[in-house]
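> sequence unknown, structure follows:
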């Protein structure tokens, strides 16, 4: 009878291997759980920017035919809502809301940085005023004033980030095309478009 060597590890190493195996399994399990949560429950969603209302706060204009001059001043109040559908906060950085005429910026108002909590909504009340010198330098403006209708556009761009396990950069954009009738001094038409980029 030959003595065959015992190939099993000594009894003291067996509990150590078992503990290491359990620890690795727990780490893998927790990692998988975090990954599943990040891809389902905590998946970054797009913040929703909505322009609820735009109204004329002030409209002054006059035409001096003898001197071929137009005096034009307009201020718009915009009520904007930003909704964060995420289960974590949305931090947005400093931004600017623009008032445009035929693609050129003719007014602006700063939007200070802030944070919107998880599943929360923030209201932004903005007042946009035309910088008359920028508007009067456009030759198309005179023909629009004579026709009695001025077309303006608002542009609100809100860049920010949502942080789940990592930061996801988001840009929410709202544009509104506005039609101002000078004879009635009223905002007649307002069409808004929304876009969010993840």
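Received it, and whenever you're ready, just let me know what you need. Keep in mind that what you see is a predicted model, and the values were worked out from it rather than measured.
> Just give me the neighbour total for residue 19.
Residues contacting residue 19 under the criterion other C-beta atoms under 10 Å number 10. Every C-beta, even on glycine, is put in place using the N, C-alpha and C of the backbone.
> Quick check, pLDDT for residue 11.
Residue 11 carries a pLDDT value of 60.
> do residue 167 as well
85.
> now do residue 135
Predicted confidence (pLDDT) for residue 135: 82.
> Can you verify my assumption that it contacts residue 99?
No - contact criterion C-beta atoms under 8 Å: residue 135 and residue 99 do not qualify, at 9.4 Å.
> Could I get the contacting residues of residue 115?
Each residue near residue 115 by C-beta atoms under 8 Å, 6 or more residues apart in numbering is listed here: 89, 90, 91, 92.
> Report the beta-bridge partners for it.
Beta-bridge pairing of residue 115 under DSSP bridges involves residue 91.
> Check the spacing between it and residue 143 real quick.
Distance of residue 115 to residue 143, given as C-beta to C-beta, to the nearest Å: 45 Å.
> Confidence-wise, which helix or strand of this protein is lowest on average?
Within the chain, confidence by mean pLDDT, DSSP states H and E is lowest for helix 132-136 among all helices and strands, at a mean of 80.
> Give me the next element, helix or strand, following that one.
Sequence order places helix 139-147 as the next helix or strand after helix 132-136, per DSSP states H and E.
> Could you identify the helix or strand that succeeds that following helix?
For helix 139-147, the succeeding helix or strand toward the C-terminus, using DSSP H and E, is strand 149-163.
> so that next one versus helix 139-147, what angle?
120 degrees (axes from the mean of the first three to the mean of the last three C-alpha atoms, to 10 degrees).
> Tell me the buried residues in strand 149-163?
150, 152, 153, 154, 155, 156, 157, 158, 160, 161, 162 (16 or more other C-beta atoms under 10 Å).
> Pull the distance from the least confident helix or strand of the chain to the chain's centre.
Centroid separation between helix 132-136 and its chain, computed with C-alpha atoms, centre = their mean, to the nearest Å, is 28 Å.
> in this protein, what spans have low per-residue confidence?
Scanning the chain for pLDDT under 70 picks out the ranges 1-13.
> tell me, which strand in the chain spans the most residues?
strand 48-64 (DSSP state E).
> who does the following helix or strand past that one pair up with?
With elements assigned by DSSP H and E, the helix or strand that comes after strand 48-64 is strand 69-83. Paired with strand 69-83 in the same sheet, following DSSP bridges, are strand 48-64 (antiparallel), strand 121-129 (antiparallel).
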